[in-house]
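# Have a look at this prediction, sequence included:
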Amino acid sequence: MKRTRLLALLFGAFTTLSTCFGLSFDRPATHNALIGNIQQATAREGDSFHTLGRRYDVGYYELIEANPEINPNYLPAGTKVVVPSEYVLPPGERKGIVINLAEMRLYYYPKRSHLVYTFPIGIGRLGWKTPLGKTTILRKVKHPTWYAPESIREYVKQVKGVELPRVIKAGPNNPLGDYALRLGLPGYLIHGTNEP
């Protein structure tokens, strides 16, 4: 297992490269689906599951499930934490991008490579449905503009009491982050975030 600095691998069409991090593994033989290994981390002063998740490229909920007895928001320095960085590759064809919704992980199998990359992901809010099935990437967008759906504007107003603008241009307040992949499923994207 190697923490990889991935230079716009998913966004190869851009001439200006951006950095994102993920884990990379040698792609196992077809009959083998196991990659990675379980690790143990020692918390530093000020650590939380958020900081450990970013440091080890694992998701917040993965850490909670692996460490149910630990307060995710307060880790005294020296606390031992299980880092669940062993994965079972999703069944099916190992090419392109595969998202395992239940695991909240994205797997990327680049063409002409012996590697597989994996990233923790978010999948929206509880109760919001994510469609299942195959799709294609229609367009790669650098510094996307977000057109907030009316349903989300209403939700933010009810929950936070904030009037969300209809349009949020690229920048630090844009929920889509620096890149978006527009999919063949209308209204759905694979995108970055301004709140990791």
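Thanks, I have it. Numbers count the residues shown, from 1 in each chain.
# Any regions of the chain where pLDDT drops low?
1-21, 125-126 (pLDDT under 70).
# Kindly recompute the last result at 90.
Residue ranges of the chain with pLDDT under 90: 1-22, 30-31, 101-102, 104, 120-133, 149, 151-152, 155, 186-189, 192-196.
# All the strands of it, residue numbers only.
With DSSP state E, the ranges of strands along the chain come out as 2-7, 19-26, 34-36, 39-42, 80-83, 86-88, 96-100, 105-109, 115-120, 137-142, 146-147, 167-168, 179-183, 189-191.
# what about G96, distance to V116?
11 Å (Cβ to Cβ, to the nearest Å). The C-beta positions use only the backbone N, C-alpha and C, and glycine is treated the same way.
# which one of those two has more residues nearby?
Ranked by neighbour count (other Cβ atoms under 10 Å), G96 and V116 place V116 first, with 21 against 13.
# isn't that one right up against Y109?
Yes. Using Cβ atoms under 8 Å, V116 is in contact with Y109, at 5.5 Å.
# Can you say which of the strands of the chain is nearest to Y56?
strand 80-83 (4.9 Å; Cβ to Cβ).
# tell me which strands and helices the closest one is in contact with?
Applying 3 or more Cβ pairs under 8 Å, 6 or more residues apart in numbering; DSSP states H and E, one finds that strand 80-83 contacts strand 39-42, helix 49-56, helix 60-66.
# Return the set of buried residues in the last one.
Meaning helix 60-66. 60, 62-63, 66 (16 or more other Cβ atoms under 10 Å).
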